[in-house]
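Participant: Let's see this in three dimensions:
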Amino acid sequence: MCNAVHCPGGIVNSPEAAYHGRMPDLTEVLQELHDADPAARAQAIERAAVAVERLIHGVVGALEGAASQRHALFEHIHRFGTSMVDPIHDLMERSEDHDLRVMCALLLLRLRSPAGVDLLLGEIERSGDWGADAAQRLAEARVGAAAPRIVHRLRTLSLDKDSEIVALLHALQTLEGSLPADLVERFSRTDAPAEAQSIAARAIDATTEEPEG
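Facilitator: The predicted model follows:
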């Protein structure tokens, strides 16, 4: 059996060629990283890179599979770090599944890539399931362009959307530190969600406690 450096017939320069498309054995790779031969160590690094690329390809393929499993997968994908940015961006661009595209955009933002920001900004004002999540993640990333969209959404959102209203208010406070007066007035009403009323009351208290001059 040929190894990463030598095969019958001569030296193999490519880990891909040496393994004919097979996944490199990670146990062997780890051992070869400590080989006394510098060439063997260098080849082991190349084989490790091949393994990572194949793992990433497999993960992206899994994301395109059963929708019910996506949330669990997305919770862990960030551990691959920035090596996932390009594959996830490509998936976001080519997919026709809107939910999958938004999840990719959220992951890209977590990986400090702005590639999905425009999609997430659009979600804030879209009547869908992702507006609050998009607003919160954009606020955490200090994307200032989200603020006017959050304000517009809060001005028009039905008062029975309790959880979305509260999430948007928190996101806006993260970005701006305060709430516009008309929103404070709107969510001070007795028919507003109870937690939104509490947020509005705290905003009023903060305003009245500000020192003059």
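
Participant: Could you tell me the model confidence score at residue 11?
Facilitator: Taken from the predicted model, the pLDDT recorded for residue 11 is 36.

Participant: Give the next helix or strand downstream of the helix or strand harbouring residue 101.
Facilitator: Using DSSP states H and E, residue 101 falls within helix 98-110. The first helix or strand that comes after helix 98-110 along the chain, using DSSP H and E, is helix 117-125.

Participant: By neighbour count, which bits of that following helix are buried? Give me those.
Facilitator: Using 16 or more other Cβ atoms under 10 Å as the test for burial, helix 117-125 gives 117, 119-125. No exception for glycine: its C-beta is placed from N, CA and C like everyone else's.

Participant: what helices or strands is it leaning on?
Facilitator: Counting contacts by 3 or more Cβ pairs under 8 Å, 6 or more residues apart in numbering; DSSP states H and E, the secondary-structure elements packed against helix 117-125 are helix 98-110, helix 131-140, helix 146-156.

Participant: angle of the first one against helix 117-125?
Facilitator: Put plainly, it is helix 98-110. Angle between the axes of helix 98-110 and helix 117-125 is 120 degrees (criterion: axes from the mean of the first three to the mean of the last three Cα atoms, to 10 degrees).

Participant: tell me which residues of helix 98-110 are tucked away?
Facilitator: Going by neighbour count (16+ other Cβ under 10 Å), the buried part of helix 98-110 is 100-110.

Participant: Also the second one?
Facilitator: By neighbour count on 16+ other Cβ under 10 Å, the buried set for helix 131-140 is 131-139.

Participant: Specify which member of those is nearest to residue 158.
Facilitator: Compare each of the buried residues of helix 131-140 with residue 158 using Cβ to Cβ and the shortest gap goes to residue 131, at 12.7 Å.

Participant: gap between the closest one and residue 116?
Facilitator: Counting by Cβ to Cβ, to the nearest Å, the gap between residue 131 and residue 116 amounts to 15 Å.

Participant: just to revisit the earlier point, residue 87: which of the buried residues of helix 131-140 is nearest?
Facilitator: Nearest to residue 87 out of these is residue 137 (Cβ to Cβ; 19.8 Å).

Participant: mind listing what the closest one touches?
Facilitator: By Cβ atoms under 8 Å, 6 or more residues apart in numbering, the contact set of residue 137 is 106, 109-110, 120.

Participant: one more time with 6 Å
Facilitator: Residues near residue 137 by Cβ atoms under 6 Å, 6 or more residues apart in numbering: 106, 109.

Participant: Got phi/psi on residue 192?
Facilitator: With angles defined as degrees, to the nearest 10, residue 192 shows backbone torsions of phi -80, psi 160.

Participant: Give me the secondary structure label for the closest residue in space to it that isn't next to it in sequence.
Facilitator: The spatial neighbour of residue 192 that comes closest, neighbours along the chain excluded (Cβ to Cβ, 6 or more residues apart in numbering), is residue 159 at 5.5 Å. Reducing the assignment at residue 159 to three states with DSSP: H, G, I helix; E, B strand; the rest coil gives coil.
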